[in-house]
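> Structure for this input, please:
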Amino acid sequence: MKFCYVSLLIIALTMAGMQHAFPQLATSPWPMFCHDLEHTGQGFYRGPETPVLAWSYLTDEIVDSSAALDSAGRVYVGSEDNNFYSFNSAGALAWSFVTGDFVASSPAIDSSGRLYVGSRDKNTYCFNSSGSLRWSYTNGPIFSPLSIGTDGTVFIGSDDNALYALGSAGTLSWSYLTGRFISASAAVGYDTKIYAGSFDNNLYALTSKGGLSWSYRTGDGTISPSISTNGRVYIGSLDNNLYAFNSTGSLVWSYTTGAFVESCPALGFTGIIYVGSEDNNFYSFNSAGALAWSYTSGDYVDSSSAIGVDGRLYTASADNNIYAFNANGTLLWSYGTSDSIWSSPAIGSDGRVYTGSNDNVFYAFAGPPLNYINLSVNPVPIIPGSIATFAYSCDFSNWDYQGDPVDIYLAAIKDPKVSDGPSTVSDALGGGTVYLFGRHLVPYRYNGTVREPTFRNASFPPLPTAGLVSIPVPAISGLAGNYVFATAFVRHGTAAFVRTDLPVENSNLFTIH
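Numbers count the residues shown, from 1 in each chain. The predicted model follows:
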């Protein structure tokens, strides 16, 4: 079980305040429009179960930008009052920067924590997280959300009809001229191709050097694409269609809605596609293009969706509402603002959902109650030899922990009784196969005797924290199955669990192929 012990080791050491030992810990995996550079919308955290407003901030104009969030809980968003804003996790304004025109573009954050955003004043701006300006680059008016490739390249669609690729220092790497403006966000596929829609009616697939690989002409302007793990490209068009292409540009299927499709398709963990249309409907399709379900709102749906790690999704409509759905299409909740919503929701590591509204307000909705530690694994099937990403968040305020030493027990449980939440010891050990990890980090199958804690006499700060861990999964056989990660904390020198009522915390269920 090398896979499990490495994963749990990294998570435990991170909680133990030893982040410096693991440079692979990401501040966040390039948070941007629709979450990631493939624009899947797939998040690592659970969103709110009820529409409780945590905080809001009134700007001087509409907020149609979508937020980007870093691992420290800072929130970044633009407004048509010409400002780019930064808030702390409590909703207090940290800083703002006045551009020369409105900021409808959605920001992106690179792996070093630098921020990038475009403005209608024809500039792309790069900031440090403190708000100091690093550089700006002048091209055309920018409405499109920005994207960042894994090598740090910043992709910008512009109203001067070009797609720009800038290095992290603000120098031009290349540009590609289309026939009309680009107001949508480029996506980067697993094949390193850059996919961009233009109002010249084409979807373009470009090489990493900016050369044309292929293009496909639709009946009207195309919007932001998204890309699945198998390379399939999904994109909406003003010809009322949602299109699905394979990575070579061949049309796989299309579905005609009753009006423009300006929403970026979101891709569910089980291969489901979610997209809104200006015919007032929010649609769900299977990977073959068959309609799974739809929901009719009171006005057009241009907002794109954010998907929680539990499969719930969050979107918005011009009927003034933000909506939360279960994966099967049942409405979980809705919340009415005072005007249309064009902004796309984003889910933070605190479980909050953030969105702007045309009522000039930026909203933060309270996340679900934290367990003392939430462990989340992206439930896309994990394949040995690939890179897997794990998310954790801690809240020590509800379990009387003051930093006293603890012994930490780590386990991987196959076919568990409990997932995604706290558990009793009997339920944890009464599931399927249990692998415990000793102090030498050697996993052994549980046989009724706990030999030793994984970490003895450990101490870490009693503060809320959150982060992501990306690790390679060993390419070995015998791992296939459904698992959770489990943690338990015992006060050092005693037999007392820190959390006496529910001492074990299990991650969400995930699959190894």
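> Tabulate the CA atom coordinates of stretch 410-418 in PDB.
The C-alpha coordinates for stretch 410-418 follow below in PDB (Å, rounded to 0.1, in the frame of the first residue of the first chain):
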ATOM      1  CA  LEU A 410      -3.100   7.000  10.000                       C
ATOM      2  CA  ALA A 411      -4.900   4.300   8.000                       C
ATOM      3  CA  ALA A 412      -6.300   3.500   4.600                       C
ATOM      4  CA  ILE A 413      -9.600   1.700   4.600                       C
ATOM      5  CA  LYS A 414     -10.900  -0.300   1.600                       C
ATOM      6  CA  ASP A 415     -14.600  -0.600   1.400                       C
ATOM      7  CA  PRO A 416     -15.300   1.400   4.500                       C
ATOM      8  CA  LYS A 417     -18.500   1.700   6.500                       C
ATOM      9  CA  VAL A 418     -18.200   5.500   6.700                       C
END
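> May I see the buried residues of it?
Residues of stretch 410-418 classed as buried under the neighbour-count rule (16 or more other C-beta atoms under 10 Å) are 410-414, 416-418. (Glycine included, C-beta is placed from N, CA and C.)
> Tabulate those (TSV), appending pLDDT and distance to residue 137.
Formatted as TSV, the entries for the buried residues of stretch 410-418 read as follows, by pLDDT from 0 to 100; distance: C-beta to C-beta, whole Å:
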residue	pLDDT	distance to residue 137
410	81	47
411	83	50
412	81	47
413	86	50
414	87	51
416	88	50
417	85	54
418	82	51
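> Enumerate the positions of stretch 317-337 that are buried.
Taking 16+ other C-beta under 10 Å as the neighbour-count basis, stretch 317-337 is seen to contain the buried residues 317-325, 327, 329, 332-335, 337.
> Now find how far off-centre it is within its chain.
Taking C-alpha atoms, centre = their mean, to the nearest Å, one finds stretch 317-337 lying 19 Å from the centre of the chain it belongs to.
> Name the next helix or strand following the strand or helix carrying residue 292 along the chain.
Taking DSSP states H and E as the definition, one finds residue 292 inside strand 291-296. Later in the chain than strand 291-296, the nearest helix or strand by DSSP H and E is strand 306-307.
> now what about that next one, what contacts it?
For strand 306-307, the external contacting residues (C-beta atoms under 8 Å, 6 or more residues apart in numbering) are 34-35, 40-43, 47, 266-269, 274, 313-315, 344-347, 353.
> how about 7 Å then?
Identification of contacts with strand 306-307 by C-beta atoms under 7 Å, 6 or more residues apart in numbering yields 35, 41-43, 266, 268, 313-314, 345-347, 353.
> could I get those residues as a markdown table with secondary structure, pLDDT and neighbour count?
A markdown table is the format used below for those (DSSP: H, G, I helix; E, B strand; the rest coil; pLDDT from 0 to 100; neighbours: other C-beta atoms under 10 Å):
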| residue | secondary structure | pLDDT | neighbour count |
| --- | --- | --- | --- |
| 35 | strand | 88 | 27 |
| 41 | coil | 91 | 28 |
| 42 | strand | 88 | 25 |
| 43 | coil | 83 | 28 |
| 266 | strand | 95 | 27 |
| 268 | coil | 90 | 23 |
| 313 | strand | 94 | 28 |
| 314 | strand | 97 | 28 |
| 345 | coil | 95 | 28 |
| 346 | strand | 94 | 27 |
| 347 | strand | 91 | 29 |
| 353 | strand | 94 | 27 |
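> before we move on, back to that, now the strand holding residue 292: buried residues?
Taking 16+ other C-beta under 10 Å as the criterion, strand 291-296 shows residue 295 as buried.
> How far away from the center of its chain is stretch 314-327?
Going by C-alpha atoms, centre = their mean, where stretch 314-327 is centred and where its chain is centred differ by 17 Å.
> What is the end-to-end distance of that stretch?
Across stretch 314-327, the straight-line distance between its terminal residues is 10 Å, by C-alpha to C-alpha, to the nearest Å.
> low-scoring pLDDT stretches of the chain, where are they?
Confidence mapping of the chain against pLDDT under 70 gives the ranges 1-30, 368-375, 377-381, 392-403, 441-442, 459-476.
> what residues go with each domain of it?
In the domain annotation for the chain, the residue ranges read 2-25+370-512, 31-365 (automatic domain parsing).
> Any idea how many residues pack against residue 102?
By other C-beta atoms under 10 Å, 21 other residues sit near residue 102.
> wait, doesn't it sit right on residue 82?
Yes - Residue 102 sits in contact with residue 82 when judged by C-beta atoms under 7 Å, with a separation of 5.6 Å.
> and the next element down the chain from the strand or helix carrying residue 391?
Using DSSP H and E, residue 391 falls within strand 387-394. Downstream of strand 387-394, the first helix or strand assigned by DSSP H and E is strand 406-414.
> in its sheet, what does that next one sit against?
For strand 406-414, sheet partners with direction are given as strand 434-437 (antiparallel), strand 455-458 (antiparallel), strand 481-491 (antiparallel), following DSSP bridges.
> ok, residue 212 to residue 321 distance?
Computed as C-beta to C-beta, to the nearest Å, the residue 212 to residue 321 distance reads 41 Å.
> swap in residue 133?
Distance check for residue 133 against residue 321: by C-beta to C-beta, it reads 36 Å.
> Out of the domains of the chain, which one sits most buried?
When you average the neighbours per residue for each of those (mean count of other C-beta atoms under 10 Å), domain 31-365 leads with a mean of 20.
> got the end-to-end distance for that domain?
For domain 31-365, the first-to-last residue distance is 19 Å (C-alpha to C-alpha).
> how far does that domain sit from the chain's center?
11 Å.
> Next, residue 72: phi, psi?
Torsion angles at residue 72 (phi, psi; degrees, to the nearest 10) stand at phi -90, psi 0.
> In contact with it, which residues?
Applying C-beta under 7 Å, 6+ apart to residue 72 gives no contacts.
> gap between it and residue 357?
Computed with C-beta to C-beta, the distance linking residue 72 and residue 357 is 25 Å.
> same question, residue 500
Distance check for residue 500 against residue 357: by C-beta to C-beta, it reads 44 Å.
> ok, so what distance separates residue 174 from residue 286?
37 Å.
> Residue 164: which of the buried residues of stretch 317-337 is nearest?
The closest of those to residue 164 turns out to be residue 318 (C-beta to C-beta; 30.1 Å).
> Of the strands paired with strand 406-414, give the one that comes closest to residue 140.
Closest approach to residue 140 among these is made by strand 481-491 (47.4 Å; C-beta to C-beta).
> Distance from that closest one to the middle of the chain?
Remark: strand 481-491 is offset 24 Å from the chain centroid, using C-alpha atoms, centre = their mean.
> Could you look up the next helix or strand downstream of it?
Counting by DSSP H and E, the next helix or strand C-terminal to strand 481-491 is strand 504-506.
> Mind listing the strands that following strand pairs with, and their directions?
Within its sheet, strand 504-506 is paired with strand 421-423 (antiparallel), strand 481-491 (antiparallel), according to DSSP bridges.
> Mind putting the ones you listed into a markdown table with distance to residue 178?
Conversion of the strands paired with strand 504-506 to a markdown table gives the following (distance: least, C-beta to C-beta, whole Å):
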| stretch | distance to residue 178 |
| --- | --- |
| strand 421-423 | 48 |
| strand 481-491 | 45 |
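> out of the ones you listed, which comes closest to residue 52?
Each of the strands paired with strand 504-506 was checked against residue 52 via C-beta to C-beta, and the shortest separation belongs to strand 421-423, namely 19.5 Å.
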